[in-house]
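Trainee: Sequence plus predicted model, see below.
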Amino acid sequence: MTFRPASAAFGPTFAQRVPSLLYLAVALGALGLVLAGERSAPDSELFRVVVEQDAYRYVGLRACVLMLVASAIATVLQAGMRGVRVVGDGLELRELVAFGWPRIRRYRWAQIDRIVLDRASIALDLWDGSRALLPPVSGRSELSLLLERVGYARAIPVKGGVGLDELPEPER
C-alpha cells in the first residue's frame, strides 16, 4: 500500500489578490457615490449627475454600477482560483491564462522524478525530462514540508528542503 497524503489546498499569495481587491474597492466606492447621489439634496451637483442626467443616458448609472460591482466580485472569485492542490494521487496546479481562462495541470506522483525545493519557487522534475514550476502560493513552507514528506514516503528524491530529521510529526 502506498502513501496517500491528505488533500490540502494552497491558494494564491496576497500580492496576487491585491489588484482584484483594489478593483472591488473602486466598484464599491462607485456604488456608494450612486447611492449617496440618490439620497442627496436636490440642489447638489451629485444629485444632478446621478438622478437628473440619468434620463439622457442609454444605460442608467445604477445599472452600470451594478455591472461594475458584479464584475469586481467575479474578479475576486477568479483570483482565488489560482494555487496548488495536493491530492492523494498527485498535484494539481491551477493557473489563469489569457483572458482569465483557468487551466489545471495534473501531475501524478509516478510522473515526478525529483522535487526541487531550494529555489525561489518549487519545481518538479518530471519523468520526460521537463521541469514544472509550481506557482507562488501562500503557505509555501507548509507546501514544502508536505512535498518533502511525500517525497520521502514515495521514494521521490528531494533536493533542498529542511531535511527529514527536522520534519514535524503530522497532526492526528
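Mentor: Perfect, thanks for sending it.
Trainee: and A132, helix, strand or coil?
Mentor: What DSSP: H, G, I helix; E, B strand; the rest coil gives for A132 is strand.
Trainee: The one 5 residues further on too?
Mentor: At V137 the chain is in coil, as set by three-state DSSP.
Trainee: which residues touch it?
Mentor: The contact partners of V137, taken as CB atoms under 8 Å, 6 or more residues apart in numbering, are F10, G11, P12, T13, G83, V84, L143. Backbone N, C-alpha and C define where each C-beta goes, glycine included.
Trainee: can you pull the pLDDT of the fifth one?
Mentor: Which is G83. The model reports G83 with a pLDDT of 91.
Trainee: Can you tell me the closest non-neighbouring residue to it?
Mentor: Once flanking residues are discounted, G83 sits nearest to G11: 4.4 Å by CB to CB, 6 or more residues apart in numbering.
Trainee: burial count for S130?
Mentor: 8 (other CB atoms under 10 Å).
Trainee: In this structure, mark out all the helices, start to finish.
Mentor: 14-39, 45-47, 61-79, 140-153 (DSSP state H).
Trainee: Distance of the most far-flung residue of the chain relative to its centre relative to E52?
Mentor: The centre of the chain is farthest from one residue, D43, which by CA atoms, centre = their mean lies 45.9 Å away. Distance of D43 to E52, given as CB to CB, to the nearest Å: 11 Å.
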